[in-house]
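K.L.:
Generate coordinates for the sequence data below:
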Amino acid sequence: MENGELLEGLKAGRADAFRSLIGIYQEQVINTCYRFLNNREDAEDVAQEVFLEIYRSISRFRGDAKLSTWIYRIAVTRSLDAVRKKRRKKRFARLQRLFRQRDGEEEEVPIPHYDTPEKNLEDKERAEILWRAVESLVESQRIAITLNKYEGLSYAEVAEIMGTTVSSVESLIHRAKKNLEGKLRAYFKSVN
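P.N.:
Sure thing, here's the model as predicted:
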């Protein structure tokens with residue numbers, strides 16, 4: 001199904017067009033979400049939300065950008081919403097633990113786990129350190145570097161998704177690399 005035919009089918013509400021859309025973009029959307037959430041199950045849940053939003057709002061798609069760019073934009077936005085929600089839950093959980101400790105209850109220490117889909121990733125600890133460093137970047141830098149370096153999108157595609165210029169994306173990625181280098185150098189200096 002060509003993009004124009006796919007778009008017509010989606011706007012007409014045809015189930016076969018929506019199945020085709022999912023078939024074409026499902027893995028890309030899940031991978032994009034995973035890059036922000038670092039958890040496969042969460043990424044799959046957010047991907048479902050992305051496709052629901054596409055289904056509900058396809059009639060408002062004006063065609064100013066490519067369909068894939070619009071889908072990436074939704075995936076990034078939904079992923080960032082999920083990250084913010086997760087952070088709020090963590091802060092709330094910390095407060096609850098604090099109050100339980102004050103009341104004399106013992107706290108269970110969670111066992112860390114890694115949900116990494118890449119089978120060739122040998123050093124999970126370093127991957128976690130890198131992920132934390134990327135997560136600590138300013139949001140605009142994190143989005144730019146994630147889309148460019150992890151998703152393999154060009155600066156022009158990243159600019160279109162972020163609604164900015166190519167030179168802004170270049171600047172964001174440059175600053176992100178500098179910040180990551182500083183964070184990682186500081187971390188590895190402190191552990192050696």
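K.L.:
Give me the residue at the spatial middle of the protein.
P.N.:
What sits nearest the mean C-alpha location of the chain, by C-alpha atoms, centre = their mean, is residue 36, with 2.8 Å.
K.L.:
Which helix or which strand is home to it?
P.N.:
helix 15-37 (DSSP states H and E).
K.L.:
who are the neighbours of that helix, in terms of helices and strands?
P.N.:
With contacts defined as 3 or more C-beta pairs under 8 Å, 6 or more residues apart in numbering; DSSP states H and E, helix 15-37 has these neighbours: helix 3-11, helix 40-57, helix 67-102. (Glycine included, C-beta is placed from N, CA and C.)
K.L.:
again, only using 10 Å
P.N.:
The contact analysis (3 or more C-beta pairs under 10 Å, 6 or more residues apart in numbering; DSSP states H and E) places helix 15-37 against helix 3-11, helix 40-57, helix 67-102, helix 124-135, helix 139-145.
K.L.:
Run the chain-centre distance for that helix.
P.N.:
13 Å (C-alpha atoms, centre = their mean, to the nearest Å).
K.L.:
Compute the inter-axis angle for it and helix 124-135.
P.N.:
For helix 15-37 against helix 124-135, the angle by axes from the mean of the first three to the mean of the last three C-alpha atoms, to 10 degrees is 100 degrees.
K.L.:
tell me which residues in helix 15-37 are buried?
P.N.:
Judged by neighbour count (16 or more other C-beta atoms under 10 Å), helix 15-37 contains these buried residues: 17-18, 20-21, 24-25, 29-37.
K.L.:
returning to that earlier point: and the helices and strands packed on helix 15-37, which one averages the lowest pLDDT?
P.N.:
Mean pLDDT is lowest for helix 67-102 among these, at a mean of 76.
K.L.:
Is it correct that residue 128 is in contact with residue 39?
P.N.:
No - using C-beta atoms under 10 Å as the test, residue 128 is too far from residue 39 to be in contact (12.0 Å).
K.L.:
a markdown table for the helices and strands packed on helix 15-37, including mean neighbour count and distance to residue 153?
P.N.:
Listed next are the helices and strands packed on helix 15-37 as a markdown table, based on neighbours: other C-beta atoms under 10 Å; distance: least, C-beta to C-beta, whole Å:
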| stretch | mean neighbour count | distance to residue 153 |
| --- | --- | --- |
| helix 3-11 | 15 | 17 |
| helix 40-57 | 17 | 16 |
| helix 67-102 | 15 | 7 |
| helix 124-135 | 14 | 16 |
| helix 139-145 | 20 | 10 |
